[in-house]
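>>> Give the three-dimensional model of this entry:
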Amino acid sequence: MLEEQIVTLAASGGAAVVAAMATDAWQSTRDGVVRLFRRQGAEVEGRLDEDAALVATAADAESADAARQALAPGWALKLRTLLTAHPEYAEELRALLPAEGGAPHSVQYNIAHDQGRVFGVLGGSMVIHQGQQEA
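Numbering: from 1, shown residues only. As a prediction, this is how the structure comes out:
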């Protein structure tokens with residue numbers, strides 16, 4: 001992998017990591033980053049959790065965005081260092097990035113208990129028409 005490609009992928013990865021902080025995508029992104037670094041024997045959970053806490057406890061959206069902007073270069077550097085040593089990790093990092101067109105990777109869990117019903121849609125829309133029940 002060329003150095004320029006590593007730099008670009010690492011920058012995108014760093015941005016994706018901090019963009020996911022304090023969102024529904026955080027846990028899956030966090031898990032993916034931890035897996036990447038564990039393959040190298042590095043522990044990053046504490047740092048990830050501390051950085052995510054900075055974003056999550058920001059006073060408002062503007063402060064959270066400022067925290068993300070400040071954190072992104074550090075994660076880009078960590079990822080660049082990792083990819084320079086292990087370019088074979090590139091595909092695994094790409095899998096953590098938002099899909100083409102900016103749509104994030106998503107996971108949805110729907111659980112119904114007892115007599116409940118669940119209607120879930122991921123990346124689309126749903127229209128439900130229920131007929132009148134006869135008395």
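>>> contacting residues around residue 80?
6, 7, 10, 11 (Cβ atoms under 8 Å, 6 or more residues apart in numbering). Heads up, the C-betas are built off the backbone N, CA and C, glycines and all.
>>> What's the ChimeraX syntax to select whichever of those are buried?
The ChimeraX selection below is limited to those of these classed as buried (16 or more other Cβ atoms under 10 Å):
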select :6,10,11
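>>> quick check, nearest of the contacts of residue 80 to residue 83?
Within the contacts of residue 80, the smallest distance to residue 83 is 4.7 Å, found for residue 6 (Cβ to Cβ).
>>> Relative to residue 80, how far out is the closest one?
Using Cβ to Cβ, to the nearest Å, residue 6 is found at 6 Å from residue 80.
>>> Redo the contacts of residue 80 as TSV? Include secondary structure and pLDDT.
Listed next are those as TSV, based on DSSP: H, G, I helix; E, B strand; the rest coil; pLDDT from 0 to 100:
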residue	secondary structure	pLDDT
6	helix	93
7	helix	93
10	helix	94
11	helix	94
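>>> Would you mind checking which of the contacts of residue 80 is nearest to residue 130?
Closest to residue 130, out of all of the contacts of residue 80 and judged by Cβ to Cβ, is residue 11, at 48.9 Å.
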